[in-house]
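> sequence isn't available, so here's the structure alone:
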Ligand code: ASP
């Protein structure tokens, strides 16, 4: 049995955190492959090493003084090495980095050094072999992740190595130039490694005990989610719930490998399991609630719209012409509404309106701004009668005016539009009815 363990930046921000990680890895011999991030924040006002590296490299690229900033970064690593009483130095590595900064090797190279150096420390600390991600994680010439080549290289490499540390976040193109994933990409590396060694479990260690049913900034001390399916997670993360990089689910999902989100600071908590499917019913009918604010509803009316072929396409073309992606399109008999992000829409408003008039010839268009969308997600809703009824009576009791309802045919989620100012109230009302009163 193999477990791949990925540790986020806050789990590796200093020597003390490293020690916790060491205990976790050593506590279970199945934890054979370790994927570290770069050192994260040690306290609220601290800066992540990745951000320090980006800034330092930007100075190098602009031919400004960057060496003091690089020394600061070196000091952060030295603090960890000394704190762990390890007997080695990264000075030679820093000499190479300095040279490469002078030669302007690129900001991807620069940022990747955060995990590269942390990986070296981790391998020394655990006594595991170090595998440079540049050798095993492959990007194509256009800079897209090459899943097939990576999998065959990595699979062979891991076969030869019982225990290893593989730094997260980066890989390289065939010519050896370093390329990173998008921010938070160590999650993806962990998933790729789990796939390559056909792990039984991918443990993703962070600073929270898994996903919460609702945002703790809105609900005081919300309950955690024990098991969530990949599809539910997709719905919730689309709506803004973030713990895991979105692309991290693809490699493991195909292989049927579950992900367990765990807390380095509370390893005994069971955390959240993310699985392909489960017959375990969620504890509270709904699995989670998430939402986003700042939407505009573009309401388009046209008599006999329901029988006009191609009307929806023409309307959406107006958005496409203006490079605006739409979020939802609830429709009535003679009305068609398009929800878009207010930020994206505002500057292009008049151009979109004239395009709709030109392309679709509507009777009228009316705009409503400052709306929020709340998604109630749960595999349990399908088999439970009255869920929608409960949601709407809770909202009515809380005096929340519902502006839009959209239930996907999968019955996995119900999306409700409310005004921005009712956003928190709506989430509280739904949380209370399902979780607090456990109806
Ligand atoms: N260190 C990188 C970042 O800050 C990648 C990661 O932590 O996953 O985005």
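Done, it's in. Just so it is clear, the structure is predicted and the values come from calculations on it, not from any experiment.

> what residues does the stretch 51-200 of the chain have near the ligand?
Counting by CB under 6 Å from any ligand atom, the stretch 51-200 of the chain comes close to the ligand at 114, 168-169, 183-186. The way it works is simple: take the backbone N, C-alpha and C, and place the C-beta from them, glycine included.

> biggest separation within those residues, which pair?
Spatially, the most separated pair among those is 114 and 184, at 12.5 Å (CB to CB).

> could you dump the residues of the stretch 51-200 of the chain next to the ligand into TSV and include distance to residue 28?
Output for these, formatted as TSV (distance: CB to CB, whole Å):
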residue	distance to residue 28
114	26
168	20
169	24
183	29
184	25
185	25
186	20
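
> returning to what we had before: residue 114 and residue 184: who's more crowded?
residue 114 (31 against 20; other CB atoms under 10 Å).

> not including adjacent chain positions, what is the nearest residue to the more buried one?
Nearest residue to residue 114 in three dimensions, chain neighbours excluded: residue 38, at 2.7 Å (CB to CB, 6 or more residues apart in numbering).

> how near is that neighbour to the ligand?
4 Å (CB to the nearest ligand atom, to the nearest Å).

> can I assume that residue sits in a helix?
No - according to DSSP: H, G, I helix; E, B strand; the rest coil, residue 38 belongs to no helix; its state is coil.

> and for it, the neighbour number?
30.

> which residues are in contact with it?
9, 12, 48-50, 53, 114-115, 117-118, 169 (CB atoms under 8 Å, 6 or more residues apart in numbering).

> in helices only, show me those residues.
Using DSSP state H, the members of the contacts of residue 38 that fall within helices are 49-50, 53, 114-115, 117-118.

> hmm, back to that, now do the residue nearest to residue 114, the pLDDT please.
The model reports residue 38 with a pLDDT of 98.

> distance check, the residue of the stretch 201-350 of the chain found nearest the ligand against residue 315.
Closest to the ligand within the stretch 201-350 of the chain is residue 245: 7.0 Å, counting by CB to the nearest ligand atom. Applying CB to CB, to the nearest Å, the value for residue 245 to residue 315 is 33 Å.

> equivalent analysis for residue 330, please.
Applying CB to CB to residue 330 and residue 315 gives a distance of 13 Å.

> what about those two, which has more around it?
Neighbour tally, residue 330 and residue 315, criterion other CB under 10 Å: the higher count belongs to residue 315, 26 against 17.

> OK, contacts around residue 113?
53, 97.

> ok, 10 Å please
38, 49-50, 53, 56-57, 70, 73, 77, 93-94, 96-97, 100-101, 105, 167, 170, 178 (CB atoms under 10 Å, 6 or more residues apart in numbering).

> among the residues you listed, which ones are in strands?
170, 178 (DSSP state E).

> coming back round to it: among the contacts of residue 38, which pair sits farthest apart?
12 and 53 (14.9 Å).

> any residues in contact with both of residue 330 and residue 315?
Between them, residue 330 and residue 315 share the contacting residues 336-338, judged by CB under 10 Å, 6+ apart.

> centre of the chain to stretch 38-54, how far?
Offset of stretch 38-54 from its chain centre (CA atoms, centre = their mean, to the nearest Å): 18 Å.

> from memory residue 328 sits against residue 403, does it?
No - the pair residue 328 and residue 403 does not pass the contact test of CB atoms under 10 Å, sitting 11.7 Å apart.

> who touches both of these two?
Joint contacts of residue 328 and residue 403 (CB under 10 Å, 6+ apart) are 295, 297, 337, 373, 417.

> quick one: low-confidence ranges for the stretch 301-439 of the chain?
409, 438-439 (pLDDT under 70).

> quick revisit: residues in contact with the closest residue in space to the residue of the stretch 201-350 of the chain closest to the ligand that isn't next to it in sequence?
Nearest non-adjacent residue to residue 245, counting by CB to CB, 6+ apart: residue 187, 3.9 Å away. Neighbouring residues of residue 187 by CB under 10 Å, 6+ apart: 6, 8, 35, 37, 168-169, 181, 202, 204, 206, 243-249, 259.

> any idea how far residue 187 lies from residue 251?
Taking CB to CB, one finds residue 187 at 10 Å from residue 251.

> give the residues shared as contacts by those two.
Joint contacts of residue 187 and residue 251 (CB under 10 Å, 6+ apart) are residue 202.

> so what's residue 73 up against?
Taking CB under 10 Å, 6+ apart as the definition, contacts of residue 73 comprise 38-39, 49, 52-53, 55-56, 94, 97, 113-114, 117.

> which of those residues sits closest to residue 131?
Using CB to CB, these come closest to residue 131 at residue 117, 14.5 Å.

> how about the closest one, what does it touch?
36, 38-39, 49, 53, 73-74, 76-77, 80-81, 90, 93-94, 97, 167.

> now do residue 391
286, 289, 374, 376, 381, 402, 405, 414, 416, 426, 429-430, 433-434.

> likewise for residue 37?
6-13, 48-50, 114-115, 118-119, 167-169, 184-187, 189-190, 205-206.

> residue 274: what secondary structure?
Under three-state DSSP, residue 274 comes out as strand.

> in the sheet, which residues pair with it? Tell me.
With DSSP bridges as the criterion, residue 274 is bridged to residue 228, residue 259.

> so it touches residue 256, yeah?
No - using CB under 10 Å, residue 274 is not in contact with residue 256; the gap is 11.8 Å.

> how about residue 291: what's its closest non-neighbour residue?
residue 374 (3.9 Å).

> please read the previous query as pertaining to residue 23.
Residue 23 sits nearest to residue 267 (CB to CB, 6+ apart), 7.8 Å away.

> ok, that neighbour touching residue 24?
Yes - between residue 267 and residue 24 a contact is recorded at 5.5 Å, counting by CB under 10 Å.

> so what's in contact with those two at the same time?
residue 205.

> top of the ones in helices among the contacts of residue 38 by neighbour count?
residue 114 (31 neighbours).

> could I get the pLDDT score of that residue?
Looking at residue 114, the pLDDT reads 98.

> residue contacts, it?
9, 36-40, 48-54, 73, 76-77, 167-170, 180, 186.

> please, a PyMOL command that selects the buried ones among the residues of the stretch 51-200 of the chain next to the ligand?
Filtering those down to the buried ones (16 or more other CB atoms under 10 Å) takes a single PyMOL command:
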select buried, resi 114+168+169+184+185+186
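
> so residue 416 sits in a strand?
Yes - per three-state DSSP, residue 416 lies within a strand segment.

> the ligand versus that one, what's the distance?
33 Å.

> any idea what sits nearest that residue, other than its immediate chain neighbours?
residue 374 (4.8 Å).
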